[in-house]
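> coords below, sequence missing:
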């Protein structure tokens, strides 16, 4: 009888717990953990909405905060490999293409990104890799 009451209490407790974003339990016993992308301040909605919002806000931020260098070339393409770390801060890993001045300008603009909510899997913060192409 004690075992039955314990099991019933456990089941009742499990069904009333709040679910974490990106964690789903199917009717079978399969647990699925979705990656939640880094979140720009003010972005809400589904995982897809947050990802789209992040990319749009990031591009807008770079365009507004970039100072065009003297060696600017029209049509040049600069690609930035970066990570949003577990603290929600940008870390630029590599910048390719364009001129050295353009690379520095894009990197400087990216480093002024506001504090983001870091990406996570199952509620555990993780680094999120981003590859951002910019065509001038």
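Perfect, I can see it now. As the structure is a computational prediction, the values presented were derived from the model and not from experiment.

> what's the burial count for the residue nearest to residue 49 when sequence neighbours are not counted?
Counting by C-beta to C-beta, 6 or more residues apart in numbering, residue 43 is the residue found nearest to residue 49 once chain neighbours are left out, at 7.3 Å. Using the backbone N, CA and C atoms, a C-beta is placed for each residue, glycine as well. By the criterion of other C-beta atoms under 10 Å, residue 43 has 18 neighbours.

> surely residue 43 and residue 54 touch.
Yes: counting by C-beta atoms under 8 Å, residue 54 is a contact partner of residue 43 at 6.2 Å.

> who touches both of these two?
Residues touching both residue 43 and residue 54 (C-beta atoms under 8 Å, 6 or more residues apart in numbering): there are none.

> quick one: contacts for the residue nearest to residue 49?
Residue 43 sits next to 49, 50, 53, 54, 57 when contact means C-beta under 8 Å, 6+ apart.

> again, only this time at 7 Å
By C-beta atoms under 7 Å, 6 or more residues apart in numbering, the residues touching residue 43 are 50, 53, 54, 57.

> quick check: the last one is in a helix.
Yes: for residue 57, which was evaluated using DSSP: H, G, I helix; E, B strand; the rest coil, the result is membership in a helix.

> that one reaches residue 40, doesn't it?
Yes: Residue 57 lies in contact with residue 40 (C-beta atoms under 7 Å); the separation is 4.3 Å.
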